[in-house]
Every structure is written in structure tokens, then in C-alpha cells.
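Student: everything below, folded, please.
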Amino acid sequence: MSNTIAIAHKELRSYFASPIGLVMVGLFVLIYGFFYAVMFLNVEQQAMQFGGQGPMNLNEQLIGPLFADVRVVLLFTLPLITMRTYAEEKRSGTMELLLTSPITDMQIVFGKFLGAMGLIAVMLAATLPHIGMLFYYADPEWKPILTNYLGFFLMAASFVAVGLFISSITRNQIVAAMATFAVFLLLWIVDWIGSFMGPTGQAIFEYLSITRHFEDFARGVIDTKHLVYYASVIIFGLVLTMRSVETERWRG
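Tutor: Residues are numbered from 1 along each chain as shown. Next up, the predicted model:
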């Protein structure tokens, strides 16, 4: 466990040792803040216009739509985060040192996964002042906010697990980033592809869609089937990454 934490700490520090960590956090907060301000002003205008016609549902009118829009940022930022995890190690020659050290493949993979998720946690933590402002000026329900954060975190974790595997099979960071983006985009629009098929095919493709499983979280609902889906994607991605690292160790 200590080796895993050490690798995770090293990975997280490496993100902020280069501009990529600060750029990712800054870009995410900037886009999040823009969407938040636009939707907050829109809700405020609606409240002034229809003030006497009952309470407003901030989850439906602000929180849910906000996270639905911000999650698109994952398509563009996460490939940049995961592209370097293994590809850079291979390019610089440090992968051989890592594989010959007394560290298991599982510790390496989980350490890098936790390091990337640490950066995601920092990105989400930077949005908390916006939510605090919402509680200061209004009285939103806290449970839908938590489910949106949970759904967002699970979606990001699924993307990271897949991105780690793609990075582990190439030495080129650009190739890793482009391939990761292509796979992310496919998981994003797979339900649209299924709409051209029959009922059975459509149901299968809708289940494979990573965004479909986020919709209930956005509405404040935690369904076991969505947790199973995200857990399955995460485990599948990490297992493939471990197999890739094991192959690299065997070749070395």
C-alpha cells in the first residue's frame, strides 16, 4: 500500500511540476465558472420574472444543466492528463527502472490511477466556492449536488482508467492523446449510433453509453446499475493496463 501511495504522490507532484496540472485546473475552473455565471444569471432573471409563482427547483434549472455542460470538458482535458502516464515513462526510459524495482504491476497501475484521480479531485475542489456561493444566496437541496459530484467523479474515473490503458500501449504522447480522445468520443456518442439499429441493438448501445448513466446522477438519483457500469469500466480499464504493464515487464 505504501508503494501505491508513493507512486500516486509522485504522479500528482509531476502534474504540478509541469504546466499541464495548472493549465488543466485553470481551464476547468474557467469553463466551470463561465457556465455557472451564465446559468446563475439566467435563474436569477427567471426568479425575478416569475417570483410569485412558487419556489424554483435549483437542481433542475442550475445544478443538473451545469454539470451536464461541464462534463464535456472531460473529453478534452482527460486525454491530456492520461497521455503522459506511461508514454512519457517509455520515452524517457524511466519505465525500465520502474519495472525492475520491487514494485508489483498492480501497485504501479493503482498508483498512477490514484495520482490522476488526485488531480481530478483538485479540479472538483476548486469548484466548491461556486457551490458555497449558491448556498449563501439561495437554499438548494444538498443531495442532488452530491450525486452530481459523485456521477462526475465516477465518469472521470472511468475515462482515466481507459486513458491509462491507451497510454500504456504507446510511446508517443500525441498518439496516446488522440487515441484516448477517439475512444472517449465513441463512448460519448455510442447511444446515438444505437438509435439507427433495432430495439435490441439500441438498448445495448444505450447501456454502453457513458453519458446515459450520468443522467440519473444529474437528477439526484443513485441507481445501482449505474454504479455497476462505472465500476465495470474502471476495473476493465485497470485490468487491461495491468496486462499491458505485465507484457512490458516480460519483454524487458
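Student: who's in contact with the helix or strand where A8 lies?
Tutor: According to DSSP states H and E, A8 maps onto helix 2-17. Helix 2-17 has contacts (CB atoms under 8 Å, 6 or more residues apart in numbering) with 21-22, 24, 81, 85, 103-104, 107-108, 110-116, 118-119. Bear in mind the C-beta positions are built from the backbone N, C-alpha and C, glycine included.
Student: same thing but at 10 Å, please
Tutor: With contacts defined as CB atoms under 10 Å, 6 or more residues apart in numbering, helix 2-17 is touched by 20-25, 81, 84-85, 88, 98, 101-104, 106-119, 121-122.
Student: kindly report the same for stretch 232-241.
Tutor: The contact list for stretch 232-241 (CB under 10 Å, 6+ apart) reads 85-86, 105-106, 108-110, 112-113, 117, 154-155, 157-169, 187, 208, 210, 213.
Student: which among those end up buried?
Tutor: For the contacts of stretch 232-241, a burial check counting by 16 or more other CB atoms under 10 Å picks out 85-86, 105-106, 108-110, 112-113, 117, 154-155, 157-169, 187, 208, 210, 213.
Student: among the residues you listed, which lie within helices?
Tutor: In this view, those that belong to helices under DSSP state H are 85-86, 105-106, 108-110, 112-113, 117, 154-155, 157-168, 187, 208.
Student: what are the ranges of the helices in the stretch 1-150 of the chain?
Tutor: Ranges of helices in the stretch 1-150 of the chain, per DSSP state H, counting those that start in this stretch, are 2-17, 19-49, 58, 64-70, 73-82, 84-92, 94-100, 105-125, 128-137, 142-168.
Student: so can I have JSON lines of those helices showing distance to I204?
Tutor: Converted to JSON lines, the helices of the stretch 1-150 of the chain look like this (distance: least, CB to CB, whole Å):
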{"stretch": "helix 2-17", "distance to I204": "35"}
{"stretch": "helix 19-49", "distance to I204": "32"}
{"stretch": "helix 58", "distance to I204": "35"}
{"stretch": "helix 64-70", "distance to I204": "23"}
{"stretch": "helix 73-82", "distance to I204": "23"}
{"stretch": "helix 84-92", "distance to I204": "31"}
{"stretch": "helix 94-100", "distance to I204": "37"}
{"stretch": "helix 105-125", "distance to I204": "28"}
{"stretch": "helix 128-137", "distance to I204": "36"}
{"stretch": "helix 142-168", "distance to I204": "18"}
